[in-house]
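Colleague: using only what follows, build the 3D model:
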Amino acid sequence: QVQLVESGGGLVQPGGSLRLSCAASGLTFSTYAMSWYRQAPGKEREFVAVLFSAGGRISYADSVKGRFTISGDNAKNMVYLQMNSLKPEDTAMYYCKARRIVIPIVDYWGQGTQVTVSS
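Modeller: Sure thing, here's the model as predicted:
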């Protein structure tokens, strides 16, 4: 059974940094794309970043390019999101998602971790 557990959220001042972690179990990293999404109050969930463990391909939303970095540790089944130069508009619940990239395609979500950027 696939399980994703996020951690590392909190309250940070504008311009500060946070590192989110996602511990994945019950899956083989090489057959999944690991992503971060976020959802602010009253808004739809939006894509932040994705890492394809097999091949190392990475992609970011335009709103976080140059400030956020996604990385993974295949040996530990961990995915990270390093967030720098945080802005108030980055305030949201951040979710880890694992998408199985071989048939059948299946999505799994974590429970989320709250990030609040405020002075």
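
Colleague: contacting residues around the spatially most central residue of the chain?
Modeller: The residue lying closest to the centre of the chain (Cα atoms, centre = their mean) is W36, at 2.5 Å. For W36, the residues meeting the contact criterion (Cβ atoms under 8 Å, 6 or more residues apart in numbering) are L20, C22, V48, A49, V50, I70, V79, L81, Y94, Y95, C96, K97. For every residue, glycine as well, the C-beta is placed using N, CA and C.

Colleague: show me the residues you listed that map onto helices.
Modeller: Among those, no member is found in helices (DSSP state H).

Colleague: from those residues, which is closest to L4?
Modeller: When the contacts of W36 are compared for distance to L4, the smallest value, 4.7 Å, is given by C96; criterion: Cβ to Cβ.

Colleague: how about the residue in the chain sticking out farthest from the centre: what's its closest non-neighbour residue?
Modeller: What lies farthest from the middle of the chain is S119; by Cα atoms, centre = their mean that is 23.6 Å. In space, not counting the residues next to it along the chain, S119 is nearest to Q13; the distance is 5.4 Å by Cβ to Cβ, 6 or more residues apart in numbering.
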